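S.K.: Take a look and give me a structure for this.
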Amino acid sequence: MLDFSLLEGAPLITLLIGFVAVAAVSISKAGFGGALGSLSTPIMLLIVSPTVALGILLPLFIIIDLWVVWFWRHLGVRRIIIFMTVTGLLGQIIGWALLRMGTLNDAFLLLFIALLALYTGLKYFWSRFVATKSTTAIRAVVKSYRKRIARRALLWCTLSGFSSFVSLTGGIPAQVYLLPLQLPRQLFVATMAWYLLFLNLAKIPFFNDLSFINASTLTLSALLMPAVPVGIIVGRWLNKSMNDSVFYLVTHTMLVLLGLQLLWRYFFGVI
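M.R.: From the prediction side, this is the model:
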């Protein structure tokens, strides 16, 4: 049954802001691996409460993930996807349990993710434009990261699953885990797409248990659906139009901007 109660008051503004939020995550997931999609929740907070925003966005996230996975279905690193998914699900269970108990304070998490994003992005720019490292040294660092993909997943992807569940910002810790591996850009996007699809599908029973999804959120989700193909087509075109060097430059720039945005939310905005 349709429920248009979320459009009462300012329907055009609500739809416009919602369209921007959904287009942002569509472009991000199809072209850059998903971190920019973390902006969708704070954008939605301009018009609805946090729990309502989660309920509206989750069905759209799943549709976007399915579409992106179809585009990149022949790519993705299976071993990394498995490590990321298992540890990400662990983080989601922790987030669900804390929300059920009513003891979760996500302010610290928001600050930690913001600082983590800034550290990772700024470290990349330092190593690329300031520090003088030999190619051999850089390859040694990448090789070291690849040897520790399981242990690093236990930290970063558990955090990713947790933050994804409570605020849909799981793309940032996941990229912190994946970016140092320096996968070719299409493998990177495909691997992230599979991971985020599994993570978001697993949220459905937990979100139902917490009553985040209802007739009003599903109605607004359906109205915002046209933003999905627009964003995906743009994101995929951007990915194919750039080389790996530009891709990583853009992705780390996004990470820095997201870190600054989350810091702003922590000190001045709505958690």
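S.K.: okay, CA-based contacts and neighbour counts for the rest of this
M.R.: OK.
S.K.: for F212, helix, strand, or coil?
M.R.: The three-state label given to F212 by DSSP: H, G, I helix; E, B strand; the rest coil is coil.
S.K.: Now do the same for stretch 226-245: mean pLDDT, whole number.
M.R.: In this model, stretch 226-245 has an average pLDDT of 83.
S.K.: SS state for D3?
M.R.: coil.
S.K.: right, and it touches A215 too?
M.R.: Yes - D3 is in contact with A215 according to Cα atoms under 8 Å; the separation is 5.6 Å.
S.K.: Next one, pLDDT for M84 please.
M.R.: For M84, the model assigns a pLDDT of 92.
S.K.: Run a quick neighbour tally on it.
M.R.: Neighbourhood size, M84 [other Cα atoms under 10 Å]: 31.
S.K.: in stretch 9-26, what's buried?
M.R.: Going by neighbour count (16 or more other Cα atoms under 10 Å), the buried part of stretch 9-26 is 14-15, 17-26.
S.K.: Show me what stretch 117-127 is in contact with.
M.R.: Under the contact criterion Cα atoms under 8 Å, 6 or more residues apart in numbering, stretch 117-127 has outside partners 133, 172-173, 176, 252-253, 255-260.
S.K.: Select from those the one having the most neighbours.
M.R.: When neighbours are counted by other Cα under 10 Å, I172 leads the contacts of stretch 117-127 with 31 neighbours.
S.K.: That residue contacts S160, doesn't it?
M.R.: Yes - using Cα under 8 Å, I172 is in contact with S160, at 7.2 Å.
S.K.: circling back: lowest-confidence member of the contacts of stretch 117-127, which is it?
M.R.: Minimum pLDDT across those falls on K133, with 54.
S.K.: so what's V22 closest to, chain neighbours aside?
M.R.: A227 (6.0 Å; Cα to Cα, 6 or more residues apart in numbering).
S.K.: could you measure the one you found against I80, distance?
M.R.: 30 Å (Cα to Cα, to the nearest Å).
S.K.: cool, M192 as well?
M.R.: Between M192 and I80 the computed distance is 10 Å (Cα to Cα).
S.K.: Show me which of those two is the more surrounded one.
M.R.: Taking neighbours as other Cα under 10 Å, M192 and I80 compare with M192 leading, 29 against 17.
S.K.: In which helix or strand does the more buried one reside?
M.R.: M192 is part of helix 185-209 when elements are defined by DSSP states H and E.
S.K.: got the contact list for the helix or strand that comes right after that helix?
M.R.: Note on helix 185-209: by DSSP H and E, the next helix or strand toward the C-terminus is helix 215-223. Helix 215-223 has contacts (Cα under 8 Å, 6+ apart) with 1-7, 15, 52, 55-57, 59-60.
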